[in-house]
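Colleague: When you get a sec, could you give me coordinates for this:
(one chain, ligands or ions: 3)
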Amino acid sequence: MEAGVGLALQSRAAGFGSARRRSALYGGEGWGGSKPVAPLRAKKSSGGHETLYNSVDEALLLKRKSEEVLFYLNGRCIYLVGMMGSGKSTVGKIMSEVLGYSFFDSDKLVEQAVGMPSVAQIFKVHSEAFFRDNESSVLGDLSSMRRLVVATGGGAVIRPVNWKYMKKGLSVWLDVPLDALARRIAKVGTASRPLLDQPSGDPYTMAFSKLSMLAEQRGDAYANADVRVSLEEIASKQGHDDVSKLTPTDIAIESFHKIENFVIEHTVNDPVGDSQAGSHAERIQTL
Ligand SMILES: Nc1ncnc2c1ncn2[C@@H]1O[C@H](COP(=O)(O)OP(=O)(O)O)[C@@H](O)[C@H]1O
Ligand SMILES: O=C(O)C1=C[C@@H](OP(=O)(O)O)[C@@H](O)[C@H](O)C1
Ligand SMILES: [Mg+2]
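Modeller: Ligands and ions are numbered 1, 2, ... in the order given. Sure thing, here's the model as predicted:
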């Protein structure tokens, strides 16, 4: 049975006003909590003159990309999908802040709806099936809203009905190599992720083997997303041999880039022209 999802959503939405938008450039919890990721400070170069940190470029690029993508989104929601640890919650917060959209983490909404403090407890006291029912209910409620960035749980992709909801907006798959996922999970522990929780063993090895199994079970489910953001691709474009060099901001920028390309590619090429068929934005909205 689903418990009070609508109410939880209403009270959650009330907490997202302009105050939350005070800074567009926040990192996620594992990246220094609410510290700005791109402080506009200068440092001395070896030659003595001042140069700006690289992160300023990154912050400006993020801002510029978000302004472009706002037009193409036209109020539609962004749904982030991907395996546990792929960065949906972290990257989603950054994207929402810079877009001026509200951010929702579907795991948190399920916790609120059920009235339990953690997903782990919901799995333990009820069951995974109970969690999944509530997850679908939350996604259904969110699908009627606009201007949201939603970080879904890693398993949301397995239910077709969830895709029906997510297809009302734009879905983005954060595709992260299993090895990087396992390293991230091993670092923060598995207590909050019941499907990975193991009583003993080396945390990296255990996480890697469970994640591999889940990835196999889920098959192509993530590939249903409108766009795929591959960390390996970003790393190779940036000349890194390791995805661990990529910041959540890098990933947010690439996500905006891919969303923009997707919308442009899927915009009806209307030969009638703006004057008779409505504005470009109106036609994009009909996608
Ligand atoms: N680009 C990144 N590089 C390294 N660690 C990251 C990155 N993005 C997120 N993390 C860390 O990985 C862990 C999982 O991130 P999270 O956003 O919770 O993933 P998800 O919501 O997809 O499960 C967190 O500890 C987070 O700080
Ligand atoms: O992959 C999964 O099945 C799950 C992922 C988790 O969310 P994150 O992907 O945010 O860790 C959470 O929904 C639950 O523990 C199940
Ligand atoms: Mg998450």
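Colleague: low-scoring pLDDT stretches of the stretch 151-287 of the chain, where are they?
Modeller: When residues are selected by pLDDT under 70, those of the stretch 151-287 of the chain lie in 268-287.
Colleague: Any residues of the stretch 1-150 of the chain in contact with ligand 3? List them.
Modeller: Residues of the stretch 1-150 of the chain found near ligand 3 (Cβ under 5 Å from the ion) are 88-89. (C-beta placed from N, C-alpha, C; glycine too.)
Colleague: longest strand of the chain?
Modeller: For the chain, the strand with the greatest residue count under DSSP state E is strand 170-175.
Colleague: tell me which residues in it are buried?
Modeller: For strand 170-175, the neighbour count (16 or more other Cβ atoms under 10 Å) marks 170-175 as buried.
Colleague: Just the buried residues of the next helix or strand after that strand, please?
Modeller: Next along the chain after strand 170-175, taking DSSP states H and E as the criterion, comes helix 178-188. Under the neighbour-count criterion of 16+ other Cβ under 10 Å, helix 178-188 has 178, 180-186 buried.
Colleague: So which of these reach ligand 1?
Modeller: Counting by Cβ under 6 Å from any ligand atom, residue 184 from these sit close to ligand 1.
Colleague: and which of the buried residues of helix 178-188 is nearest to residue 213?
Modeller: Closest approach between those and residue 213, by Cβ to Cβ: residue 178, at 10.3 Å.
Colleague: Just to check, the closest one is in contact with residue 211?
Modeller: Yes. Applying Cβ atoms under 8 Å, one finds residue 178 in contact with residue 211, separated by 5.3 Å.
Colleague: joint contacts of the two?
Modeller: Taking Cβ atoms under 8 Å, 6 or more residues apart in numbering as the criterion, residue 178 and residue 211 both touch residue 83.
Colleague: Residue 158: what's its closest spatial neighbour, skipping adjacent residues?
Modeller: Distance criterion Cβ to Cβ, 6 or more residues apart in numbering; nearest residue to residue 158, sequence neighbours excluded, is residue 221 at 5.6 Å.
Colleague: Give me the number of neighbouring residues for that neighbour.
Modeller: Neighbours of residue 221 under the rule other Cβ atoms under 10 Å: 19.
Colleague: mind checking how far it is from ligand 3?
Modeller: From residue 221 across to ligand 3, the span is 17 Å (Cβ to the ion, to the nearest Å).
Colleague: What's the separation between that residue and ligand 1?
Modeller: Going from residue 221 to ligand 1 by Cβ to the nearest ligand atom, to the nearest Å gives 15 Å.
Colleague: Would you check that that residue makes contact with residue 159?
Modeller: No. With contact defined as Cβ under 8 Å, residue 221 does not reach residue 159; the gap is 9.2 Å.
Colleague: Mind listing what's buried along stretch 230-247?
Modeller: Neighbour counts over stretch 230-247 (16+ other Cβ under 10 Å) mark 230-232, 234-235, 243, 246-247 as buried.
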